[in-house]
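Chemist: got a structure for you, letters missing:
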């Protein structure tokens, strides 16, 4: 019988002192529980991230709509330079928000 084909035997593992296989199993069981908790938290994180993404996308739409409405309303009006600068700054922020999340291709790919 070669070493590879020998059946498993109860062994004592020494890790900074005597450690029974049962102790190793208990330790592994504890690690398994920790991994389950981590995976649950990761699942929750995914849900929360999707909620935040939806909120940001909603805000982006609202801001873009408001900027567009202001630009349309002020298109033919004589407005002070300060107001025009503020509107341009707002439009720039809306564009930055839009650029954070690339648009989906028009053909759905």
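Modeler: Now that the structure is in, tell me what you want to look at. Please read all numbers here as calculations on a predicted model, not as lab measurements.
Chemist: mind jotting down where the strands sit in this structure?
Modeler: 12-14, 18-20 (DSSP state E).
Chemist: looking at those strands, which has the lowest confidence?
Modeler: Comparing mean pLDDT across the strands of the chain, the weakest is strand 12-14, with a mean of 56.
Chemist: which helix in this structure runs the most residues?
Modeler: helix 21-73 (DSSP state H).
Chemist: remind me which residues of this structure are low pLDDT?
Modeler: 1-19, 106-109 (pLDDT under 70).
Chemist: can you pull the buried residues of stretch 69-83?
Modeler: Neighbour counts over stretch 69-83 (16 or more other Cβ atoms under 10 Å) mark residue 70 as buried. No exception for glycine: its C-beta is placed from N, CA and C like everyone else's.
Chemist: what's that stretch in contact with?
Modeler: 84, 87, 90, 91 (Cβ atoms under 8 Å, 6 or more residues apart in numbering).
Chemist: return the residues in contact with the first one.
Modeler: Contacts for residue 84 were tallied using Cβ under 8 Å, 6+ apart; they are residue 74.
Chemist: re the thing from before, reformat the contacts of stretch 69-83 as JSON lines; add distance to residue 49.
Modeler: Shown next, in JSON lines, are the contacts of stretch 69-83 (distance: Cβ to Cβ, whole Å):
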{"residue": "84", "distance to residue 49": "37"}
{"residue": "87", "distance to residue 49": "32"}
{"residue": "90", "distance to residue 49": "27"}
{"residue": "91", "distance to residue 49": "28"}
